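Asks: Need the 3D shape of this:
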Amino acid sequence: MPRLPKSQVPKKGSDCSLKFEAAAVESLFSVLDAVAWLDLPDIRKISQFAGIDPRTAGKLLKNCVTIGLLESINDESYLLTLPYPYKGSSGQKKAVVREALVKMPLMIHLRQFMKLGDVIDDGLRKAATVVGVVNYAPSALAPLVKWAKEMGALERDLIVEDLVDEATAQKEERHSAKDKELVVFLSHSSKDKPFVRQLAADLTNAGVTVWLDERRILVGDSIVEKIGQGLAESDFFLIVLSENSVVSEWVKRELNNALFKEVEKRDVHILPIRLDECEVPPLIVGKKYADFSKSYKDGLSDLLQVFESKRL
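Replies: Numbering: from 1, shown residues only. Modelled structure (predicted):
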């Protein structure tokens with residue numbers, strides 16, 4: 001059974017232990033942009049980057065943590081938990097929010113109760129009980145249910161795999177309509193974020209849509225389950241290899257046969273990026289990689305040539 005996130009741990013008192021702030025879904029994008037671009041930012045940096053007051057930023061961050069879009073590190077800084085298209089379309093960013101809602105334990109239980117015949121009100125009360133919400137108050141969760149309805153996250157038979165299949169189908173449609181348009185999934189360690197920011201800016205300038213995926217694999221995480229719609233929608237899976245990342249659990253667990261099989265099943269080309277003189281993991285020794293270890297300019301040129309050959 002999914003465990004209740006720390007942010008939803010019951011508190012003493014008469015108030016509902018889980019309260020969702022009323023806000024438009026689109027209002028999240030400015031704080032998500034900030035977290036995607038900055039290095040483990042705190043609320044002060046996020047509010048400044050987003051151009052909103054700290055109080056509003058705090059409410060939006062709380063909503064993001066509640067639905068599992070962000071992780072709060074020691075209640076001081078924030079980290080994305082899902083791949084995110086910083087310069088993507090509103091539709092792509094909404095799809096990320098929808099994926100988080102679909103994966104949210106409360107929504108999983110709610111869909112189950114609805115499938116058993118409960119109306120939303122009854123199902124929500126039961127689902128809240130299952131995940132440990134105390135002093136349940138429907139009004140405290142009403143904004144969350146509104147979001148879920150708007151985003152189509154309450155369809156009774158919906159599962160995460162459906163979202164991945166939808167993304168794969170959308171990619172096929174994109175290839176038919178805009179065969180020159182490329183989407184890449186840039187998986188990296190937080191330690192390499194300065195390099196990743198420059199690369200994301202250069203690729204975006206070259207007309208490539210970039211999904212940023214900052215990896216922080218936790219105990220119990222399933223790599224294959226982390227393959228969401230962002231990766232399925234992509235044409236290339238770029239994984240940044242560096243002396244920092246190759247010794248991390250992130251790379252050790254990221255690069256496995258299960259991942260490769262799933263990625264190739266989704267027609268995504270794996271292309272490692274070598275950032276320095278690090279040792280390339282055995283599983284991808286034979287794969288062509290973009291070499292940025294000698295010159296950033298040369299590495300970028302090589303990478304863009306690969307993309308151009310894909311566009312021909």
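Asks: only C-alpha atoms for contact and neighbour calcs from this point on.
Replies: Noted.
Asks: Let me know how buried Pro272 is, in neighbour terms.
Replies: Neighbourhood size, Pro272 [other C-alpha atoms under 10 Å]: 22.
Asks: quick check, it in a strand?
Replies: Yes - assigned with DSSP: H, G, I helix; E, B strand; the rest coil, Pro272 falls within a strand.
Asks: which strand residues sit across from it in the sheet?
Replies: Bridge pairing for Pro272 (DSSP bridges) gives the partners Ile239.
Asks: Spit out the contact partners of it.
Replies: 237-241, 284, 287-290 (C-alpha atoms under 8 Å, 6 or more residues apart in numbering).
Asks: Got a quick PyMOL command for the buried subset of those residues?
Replies: Here is the PyMOL command that selects only those of those that count as buried (16 or more other C-alpha atoms under 10 Å):
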select buried, resi 237+238+239+240+241+289+290
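Asks: For the contacts of Pro272, give me JSON lines that also has distance to Ala128 and pLDDT.
Replies: Below are the contacts of Pro272 laid out as JSON lines (distance: C-alpha to C-alpha, whole Å; pLDDT from 0 to 100):
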{"residue": "Phe237", "distance to Ala128": "37", "pLDDT": "86"}
{"residue": "Leu238", "distance to Ala128": "39", "pLDDT": "89"}
{"residue": "Ile239", "distance to Ala128": "38", "pLDDT": "86"}
{"residue": "Val240", "distance to Ala128": "40", "pLDDT": "89"}
{"residue": "Leu241", "distance to Ala128": "42", "pLDDT": "89"}
{"residue": "Ile284", "distance to Ala128": "45", "pLDDT": "75"}
{"residue": "Lys287", "distance to Ala128": "48", "pLDDT": "77"}
{"residue": "Lys288", "distance to Ala128": "49", "pLDDT": "80"}
{"residue": "Tyr289", "distance to Ala128": "48", "pLDDT": "84"}
{"residue": "Ala290", "distance to Ala128": "48", "pLDDT": "89"}
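Asks: Next, check the contacts of Pro272 against the helices and list the overlap.
Replies: Assigned to helices by DSSP state H, none of the contacts of Pro272 qualify.
Asks: From the rest of the structure, what touches stretch 151-160?
Replies: For stretch 151-160, contacts defined as C-alpha under 8 Å, 6+ apart pick out 94, 97-99, 101-103, 107, 110-112, 114-115, 148, 228.
Asks: which of those are buried?
Replies: Neighbour-count burial (16+ other C-alpha under 10 Å) applied to those gives 94, 97-99, 101-103, 107, 110-112, 114, 148, 228.
Asks: Among these, which ones are in helices?
Replies: Filtering the buried ones among the contacts of stretch 151-160 for helices - DSSP H - leaves 94, 97-99, 101-103, 107, 110-112, 114, 148.
Asks: with these in mind, which one is nearest to Asp298?
Replies: Nearest to Asp298 among those: Lys94, at 35.5 Å, using C-alpha to C-alpha.
Asks: From Asn244, how far out is the closest one?
Replies: Note on Lys94: its distance to Asn244, by C-alpha to C-alpha, to the nearest Å, is 33 Å.
Asks: what's the answer for Ser17, then?
Replies: Counting by C-alpha to C-alpha - Ser17 and Asn244 are separated by 40 Å.
Asks: Look at the two and report which has more neighbours.
Replies: With neighbours defined as other C-alpha under 10 Å, Ser17 and Asn244 compare such that Ser17 has more, 19 against 15.
Asks: Settle this for me: that one is touching Val134, isn't it.
Replies: Yes - when contacts are counted by C-alpha atoms under 8 Å, Ser17 is listed as touching Val134 (5.5 Å).
Asks: May I see the buried ones among the contacts of stretch 151-160 arranged in a markdown table, with distance to Lys87 and pLDDT as well?
Replies: Output for those, formatted as a markdown table (distance: C-alpha to C-alpha, whole Å; pLDDT from 0 to 100):
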| residue | distance to Lys87 | pLDDT |
| --- | --- | --- |
| Lys94 | 13 | 93 |
| Val97 | 15 | 95 |
| Arg98 | 18 | 94 |
| Glu99 | 18 | 91 |
| Leu101 | 21 | 95 |
| Val102 | 23 | 93 |
| Lys103 | 24 | 91 |
| Met107 | 28 | 96 |
| Leu110 | 33 | 97 |
| Arg111 | 32 | 96 |
| Gln112 | 35 | 96 |
| Met114 | 36 | 96 |
| Ala148 | 24 | 96 |
| Gly228 | 18 | 73 |
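Asks: wait, is Ser187 part of a strand?
Replies: Yes - counting by three-state DSSP, Ser187 is found in a strand.
Asks: Right, I'll leave it there.
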